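1. return atomic coordinates for the entry below.
(one chain, ligands or ions: 1)
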Amino acid sequence: MISALEQYDPQVYELLQQEAARQSGCIRLIPSENYVSKAVMAATGSCMTNKYAEGYPGKRYYEGQQITDLIESIAIERAKKLFGADHVNVQSHSGAVANMAGYSAVAAVGDTIMGLSLPHGGHLSHGWNVSLTSKVFNSVSYEVDPETGLFDFNKIEELAKKHRPKIIITGASAYPRKIDFKTFGQIAKSVDAYHLSDIAHISGLVVAGIHQSPVPYADIVSTTTHKTLRGPRGGMLLCKEELAKAVDKAVFPGLQGGPHMHTISALAVALKEADSPEFVAYAKQVVRNAKVLADCLMEKGFKLFSGGTDNHLILIDLRNKEIPGKKLSKALDRARIVTNYNTIPGDPAKPFNPNGLRLGTPAITTRGMKEEQMKLLADFISTVAENLDNENTIAQVGEKVLLLCSEFPVPEHFIIPPKKFPFI
Ligand SMILES: *Cc1c(COP(=O)(O)O)cnc(C)c1O
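-> Sure thing, here's the model as predicted:
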């Protein structure tokens, strides 16, 4: 049967088919990406996209909320149970918006916020200079120790005492080690700062009990819903009861208008999935895969930032190999291995031409890959790195990747990859 999309807009339909084929026929190692289930996809593409629901369950500004109230309440209750949080807001359109709402719930324009600097693994929205968060607030950054890859809590405490921030932000986008949220919470308390913990990357590991949860140690927790948590694209805020009103007001009407009810419906589904033994098994395998991939890469002579990983993410420091990160990530993309180039903490190279490569295992773990496949992947990555200008070898690796992909089909998205991609 021809779908409505195929019939009405064959051009966009064809491009979506090609993107589905790309996602199926490539090894996706971008640590913030994943594959959602067919159930999550169905809710995302549902009639809820047609509905306005400004406000919160029971207190809306439009009529016709018989179903939206029920759905949003289900999403909230599921998130509260899963994270053990007093209060949850599921309306943020994205992680960056959730952060801005979290800050504005407890800080005023001009107040000081203190987060991990971007080149040290923090996120743009943690007060980096190109982000609005650094213009609305006075932003101070802390760093990781570039030698050990760990946080020097004495230094961070000193910085906090000096600047007396209103908010200390924890969490990262490119940090391969566990984060001690408890100690960060104590530092925040000692300077009367709020502690906002952003677990966008690791929330799936947190709900599975593999990473310490910041919920007991933070005033506000923000997260995306689409990374290791494996839900639709969006953001979420968790907080203590005392801050519930302030957080809700900061999201709506503070920053947003109507919530995306189709996304919230899909989030409810994803939270149900995350509350299962299968999800815990997936999350454990994500970390095991990352560890094995890290070990295999080190055996091939790659140097890893901090010497390995505790989570889903690996940061390769390419300086010993004298390979630019961008050149390697582009060559890997031609071999159907999708990664992203990244700065290495302490490396003065510019963010647009850095010496690092960031890899993650959530998406390939969702496809069912295990330790054995990580060895193959390390082999592929090493072969490409040693043959950056040899297109024949790169194409041969691409063939092997395609074969591997066919053995691990995208679950619940059954699409057979075509032989040839239009962009390769
Ligand atoms: C990805 C990420 C975000 C931003 O999420 P978007 O949905 O892309 O806005 C915020 N914080 C951290 C730590 C992230 O890794």
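2. give me the nearest residue to residue 329, chain neighbours excluded.
-> residue 341 (4.5 Å; Cβ to Cβ, 6 or more residues apart in numbering). C-betas here are computed from N, CA, C, even on glycine.
3. let me know the helix or strand that that neighbour is in.
-> strand 340-342 (DSSP states H and E).
4. close to the ligand, is that strand?
-> No - contact of strand 340-342 with the ligand (Cβ under 6 Å from any ligand atom) is absent, the minimum separation being 12.0 Å.
5. list the helices and strands the helix or strand hosting residue 403 packs on?
-> Assigned by DSSP H and E, residue 403 belongs to helix 391-407. On a contact count with 3 or more Cβ pairs under 8 Å, 6 or more residues apart in numbering; DSSP states H and E, helix 391-407 meets helix 10-25, strand 27-28, helix 325-334, helix 371-386.
6. buried sites along the first one?
-> Residues 13, 21, 22, 23, 24, 25 are the ones in helix 10-25 that count as buried (16 or more other Cβ atoms under 10 Å).
7. dump the residue contacts of the first one.
-> It stands for residue 13. 3, 5, 6 (Cβ atoms under 8 Å, 6 or more residues apart in numbering).
8. tell me, which of these make contact with the ligand?
-> Among those, the ligand is touched by none when using Cβ under 6 Å from any ligand atom.
9. what does the stretch 1-150 of the chain put close to the ligand?
-> So far as Cβ under 6 Å from any ligand atom goes, the stretch 1-150 of the chain lies against the ligand at 32, 94, 95, 96, 99, 123, 125.
10. residue 320 - how many residues pack around it?
-> 10 (other Cβ atoms under 10 Å).
11. please name the nearest non-neighbouring residue to it.
-> Per Cβ to Cβ, 6+ apart, closest to residue 320 is residue 303, 5.0 Å.
12. looking at the stretch 251-400 of the chain, what residue ends up closest to the ligand?
-> At 10.0 Å from the ligand, residue 313 is the closest residue in the stretch 251-400 of the chain, using Cβ to the nearest ligand atom.
13. for the helix or strand that contains residue 204, C-alpha coordinates in CSV please.
-> Secondary structure from DSSP H and E places residue 204 in helix 203-207. The C-alpha coordinates for helix 203-207 follow below in CSV (Å, rounded to 0.1, in the frame of the first residue of the first chain):
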residue,chain,number,x,y,z
SER,A,203,19.9,9.2,32.3
GLY,A,204,19.5,5.7,30.9
LEU,A,205,22.4,4.5,32.9
VAL,A,206,21.0,6.3,36.0
VAL,A,207,17.6,4.7,35.8
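14. show the average pLDDT along whatever helix or strand comes next after it.
-> Using DSSP H and E, the helix or strand that follows helix 203-207 towards the C-terminus is strand 220-224. Throughout strand 220-224, pLDDT has a mean value of 98.
15. any part of strand 220-224 near the ligand?
-> Yes - legend: contact between strand 220-224 and the ligand by Cβ under 6 Å from any ligand atom is shown at residue 224.
16. the closest residue to the ligand within the stretch 1-150 of the chain: how many residues sit nearby?
-> Using Cβ to the nearest ligand atom, the single residue of the stretch 1-150 of the chain nearest to the ligand is residue 95, 2.4 Å away. Residues within reach of residue 95, counting by other Cβ under 10 Å, total 28.
17. for residue 121, same thing?
-> 28.
18. on that earlier part again, please name the bridge partners of the residue nearest to residue 329.
-> residue 357 (DSSP bridges).
19. and it, what pLDDT?
-> At residue 341, pLDDT is 94.
20. count of neighbours near it?
-> 22.
21. so it sits against residue 332, correct?
-> No - using Cβ atoms under 8 Å, residue 341 is not in contact with residue 332; the gap is 9.9 Å.
22. wait, does the helix holding residue 204 contact the ligand?
-> No - using Cβ under 6 Å from any ligand atom, helix 203-207 stays clear of the ligand, with a minimum separation of 10.0 Å.
23. pLDDT of that helix, averaged?
-> Mean predicted confidence for helix 203-207 is 98.
24. next one: phi and psi at residue 272?
-> phi -60, psi -40 (degrees, to the nearest 10).
25. ok, now residue 245?
-> Torsion angles, degrees, to the nearest 10, at residue 245: phi -60, psi -50.
26. show me the contacts for it.
-> So residue 245 contacts nothing (Cβ under 8 Å, 6+ apart).
27. low-confidence ranges in this protein?
-> Along the chain, the parts satisfying pLDDT under 70 run over 1, 412-424.
28. change it to 50
-> 413-418, 422-424 (pLDDT under 50).
29. how many neighbouring residues does residue 98 have?
-> 33.
30. which strand or helix spans it?
-> Per DSSP H and E: helix 95-106 holds residue 98.
31. which elements pack onto whichever helix or strand comes after that helix?
-> Sequence order places strand 112-116 as the next helix or strand after helix 95-106, per DSSP H and E. On a contact count with 3+ Cβ pairs under 8 Å, 6+ apart, strand 112-116 meets strand 138-142, helix 153-163, strand 167-170.
32. looking at the ones you listed, which is buried most?
-> strand 167-170 (a mean of 28; mean count of other Cβ atoms under 10 Å).
33. and that one, anywhere near the ligand?
-> No - using Cβ under 6 Å from any ligand atom, strand 167-170 never reaches the ligand; the gap is at least 9.0 Å.
34. next secondary structure after that strand?
-> Next along from strand 167-170, by DSSP H and E: helix 181-190.
35. can I get that next one in CSV? Just the C-alpha atoms.
-> C-alpha atoms of helix 181-190 as CSV (Å, rounded to 0.1, in the frame of the first residue of the first chain):
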residue,chain,number,x,y,z
PHE,A,181,27.2,14.1,42.3
LYS,A,182,27.2,13.7,46.1
THR,A,183,30.5,15.6,46.5
PHE,A,184,29.3,18.3,44.0
GLY,A,185,26.2,18.6,46.1
GLN,A,186,28.2,19.2,49.3
ILE,A,187,30.3,21.9,47.6
ALA,A,188,27.1,23.6,46.4
LYS,A,189,25.6,23.5,49.9
SER,A,190,28.8,24.9,51.4
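36. can that helix be said to contact the ligand?
-> No - interface with the ligand: helix 181-190 contributes nothing (Cβ under 6 Å from any ligand atom), its closest point being 13.4 Å away.
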